[in-house]
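[1] I'll drop the sequence and a predicted model, then ask my questions.
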Amino acid sequence: MSSPSLTLTLWGGSWLSGHTSIDDMIDALQVWAPLQLVAAHDEPASVASGVTLEPVVGAATLSAVIRRAAPTDGSGIRLVLPAPGDVQGLPTGTTFARAALAGGQGVLVGVPGAPGLGLVPVVEGPDVLRWNVFAVPELPEPSACPGLGEAEFTLREAVRGAAETLTGIRTVGLDGRRTDPRAEIADAVAEQARHRYPDHLPARAVRILDSADQVAAILTVASGGRGLQAGSASAVSMREEALRPLWTTVRTARLTAVTATLESWHRSDRATGR
């Protein structure tokens, strides 16, 4: 898993569709931080969500927030992964949109065209994750995503393109010593692998999410992340500009995998009359 929002969306969707329990969702979230706090951003959010302005301890509160806003048929939860210049899926002009853009992630709950709720996680310490809850006056329609096949193909091309950016990069640690970019990539991928997916996640969605994590790890190292230096300021700026389309590919792939998974679960529920 690449973010707490992705974890909440997948496990929350799995719980809503009746595939997993609340305890499963809580366990998955607590891998990010043992202590989960939930608080309403303001009074309208408190009224809409039933959550107080003062933080409440416990990831179980998130299930009540989701259940309050989600439709009775178990649908209505979705992931947003905005970035500067790429704000697809956000309810424009809202406090939630600003918070999600600042954090690069968020979760929307509710029916498009109707009032709903937004959640944005904020790290408050090495063992503390706070979920801020926002009232959203009108949820936007979901953004169109490519099919899983197209997303998987695009990611394969992105893996090759991202790997090429490592060629010739003189990556050094903050102590001035040379480091091995591939070791940094392996560490980043291993960190993501700590977070498990629901067992019934489609195999193709798992492949896409895993490939997206691999590309993201390569891009992070190539851009001088994870405590590394990677050349002069001008060189870093040029490199970031070159990598921006690849980051867009990563975000799109993650959104596609999650959206397609949630839709497949919902279709299955309707077919079985659950």
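    Thanks, I have the structure now.

[2] could you verify my assumption that L101 touches V80?
    No: judged on CB atoms under 8 Å, L101 makes no contact with V80 at a distance of 9.1 Å. Every C-beta, even on glycine, is put in place using the N, C-alpha and C of the backbone.

[3] which neighbours do the two share?
    Contact with both L101 and V80 is made by residues L90, according to CB atoms under 8 Å, 6 or more residues apart in numbering.

[4] ok, H19 touching H200?
    Yes: applying CB under 8 Å as the test, H19 and H200 come out as touching, 5.5 Å apart.

[5] compare the two (neighbour count), which wins?
    Neighbours were counted for H19 and for H200 using other CB atoms under 10 Å; H19 has more, 19 against 13.

[6] after the helix or strand bottoming out on mean pLDDT in the chain, heading C-terminal, what element do we hit next?
    The weakest-scoring helix or strand in the chain, judged by mean pLDDT, DSSP states H and E, is strand 172-173 (a mean of 44). Using DSSP states H and E, the helix or strand that directly follows strand 172-173 along the chain is helix 181-193.

[7] now for the following helix or strand past that next one, which elements pack on it?
    For helix 181-193, the following helix or strand on the C-terminal side (DSSP H and E) is helix 203-222. Applying 3 or more CB pairs under 8 Å, 6 or more residues apart in numbering; DSSP states H and E, one finds that helix 203-222 contacts helix 148-165, helix 181-193, helix 233-272.

[8] and P198, how far is that from A190?
    21 Å (CB to CB, to the nearest Å).

[9] of the two, who's got more company?
    P198 (19 against 10).

[10] ok, that one - contacts?
    By CB under 8 Å, 6+ apart, the residues touching P198 are 10-11, 14, 19-20, 24.

[11] 6 Å instead?
    14, 20 (CB atoms under 6 Å, 6 or more residues apart in numbering).

[12] low-confidence ranges in the stretch 51-200 of the chain?
    72-74, 161-180 (pLDDT under 70).

[13] what about 90?
    Applying pLDDT under 90 to the stretch 51-200 of the chain flags the ranges 58-60, 71-75, 85-86, 88, 125-126, 142-196, 199-200.

[14] do you know which of the helices and strands packed on helix 203-222 lies nearest L117?
    helix 233-272 (16.6 Å; CB to CB).

[15] okay, L101 and V80: which has more neighbours?
    V80 (27 against 18).

[16] is that one in contact with G89, as I believe?
    Yes: counting by CB atoms under 6 Å, V80 does reach G89; the two are 4.4 Å apart.

[17] which residue is the nearest non-sequential neighbour of the residue nearest the centre of the chain?
    Note on the chain: the residue nearest the mean C-alpha position is L6, at 3.6 Å, using CA atoms, centre = their mean. Nearest residue to L6 in three dimensions, chain neighbours excluded: L79, at 5.9 Å (CB to CB, 6 or more residues apart in numbering).

[18] likewise P121?
    Closest to P121 by CB to CB, 6+ apart is P4, at 4.2 Å.

[19] so how far is L62 from that neighbour?
    10 Å.

[20] who's in contact with A260?
    A260 neighbours (CB under 6 Å, 6+ apart): L148.

[21] looking at the helices and strands packed on helix 203-222, which is nearest to G116?
    Nearest of the helices and strands packed on helix 203-222 (CB to CB): helix 233-272, 15.3 Å.

[22] buried residues in the helix or strand where V65 lies?
    Counting by DSSP H and E, the element that carries V65 is helix 60-69. Across helix 60-69, burial judged by 16 or more other CB atoms under 10 Å covers 61-66, 69.

[23] what's the first helix or strand after it?
    Next element after helix 60-69 (DSSP H and E): strand 77-80.

[24] in its sheet, what does that next one sit against?
    strand 106-109 (antiparallel) (DSSP bridges).

[25] using PDB, write out every CA atom in the partner strand.
    The C-alpha coordinates for strand 106-109 follow below in PDB (Å, rounded to 0.1, in the frame of the first residue of the first chain):
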ATOM      1  CA  GLY A 106      -7.800  11.700   0.500                       C
ATOM      2  CA  VAL A 107     -10.900   9.600   0.600                       C
ATOM      3  CA  LEU A 108     -14.400  10.700  -0.400                       C
ATOM      4  CA  VAL A 109     -17.500   8.900   0.900                       C
END
